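Visitor: sequence first, then the predicted structure:
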Amino acid sequence: MDKIKPRQAVNELTLLLMYLTRFKELGRASLDPDQELAWKGYSFEIINKLADEDLIWQGSRHAKYVMLTDKGMLQARELLDRYNISDW
């Protein structure tokens, strides 16, 4: 595996951690029951960058979670292969 720059690694690993710790919120009428969510406990700068790249959707900045987009789910699965991590 080629070395990558630290900032790129942090962005990729943050998305990957969001993917690996994702959950579904049942019982909320405003959310699709199949929507993959992740807690927002990461650097706001990185969260904003991932949102700008359409990998996650923040909705309200006051929410404590983000939604993983289809594009984000796909990229996270590609990162699993890159970092040789098995999926759930």
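Guide: Looks like it came in fine. If you're wondering where the values come from, they're calculated on a predicted model, not measured in any experiment.

Visitor: ok, Phe23 touching Lys64?
Guide: No - here Phe23 does not reach Lys64: they are 12.0 Å apart, not a contact under C-beta atoms under 8 Å. Bear in mind the C-beta positions are built from the backbone N, C-alpha and C, glycine included.

Visitor: count of neighbours near Leu26?
Guide: 7 (other C-beta atoms under 10 Å).

Visitor: report pLDDT for it.
Guide: With respect to pLDDT, Leu26 scores 70.

Visitor: for it, give its distance to Leu74.
Guide: Plainly put, Leu26 is 24 Å away from Leu74 if you go by C-beta to C-beta, to the nearest Å.

Visitor: now do the phi/psi pair for Arg82.
Guide: For Arg82, the backbone dihedrals (degrees, to the nearest 10) come out as phi -60, psi -40.

Visitor: could you do Ile56 as well?
Guide: According to degrees, to the nearest 10, Ile56 has phi -140, psi 160.

Visitor: so who does it touch?
Guide: Counting by C-beta atoms under 8 Å, 6 or more residues apart in numbering, Ile56 makes contact with 15, 18, 38, 47, 50, 66-69, 72.

Visitor: 7 Å instead, please
Guide: 18, 50, 66-69, 72 (C-beta atoms under 7 Å, 6 or more residues apart in numbering).

Visitor: which other residues reach the longest helix seen in the chain?
Guide: Secondary structure assigned by DSSP state H gives helix 6-20 as the longest helix of the chain. Helix 6-20 has contacts (C-beta under 7 Å, 6+ apart) with 38, 42, 46, 49-50, 55-56, 68, 72-73, 75-76, 79, 83.

Visitor: any chance of these in JSON lines, with distance to Val10 too?
Guide: Shown next, in JSON lines, are the contacts of helix 6-20 (distance: C-beta to C-beta, whole Å):
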{"residue": "Ala38", "distance to Val10": "16"}
{"residue": "Tyr42", "distance to Val10": "9"}
{"residue": "Ile46", "distance to Val10": "6"}
{"residue": "Lys49", "distance to Val10": "10"}
{"residue": "Leu50", "distance to Val10": "11"}
{"residue": "Leu55", "distance to Val10": "14"}
{"residue": "Ile56", "distance to Val10": "15"}
{"residue": "Leu68", "distance to Val10": "18"}
{"residue": "Gly72", "distance to Val10": "16"}
{"residue": "Met73", "distance to Val10": "20"}
{"residue": "Gln75", "distance to Val10": "15"}
{"residue": "Ala76", "distance to Val10": "15"}
{"residue": "Leu79", "distance to Val10": "12"}
{"residue": "Tyr83", "distance to Val10": "13"}
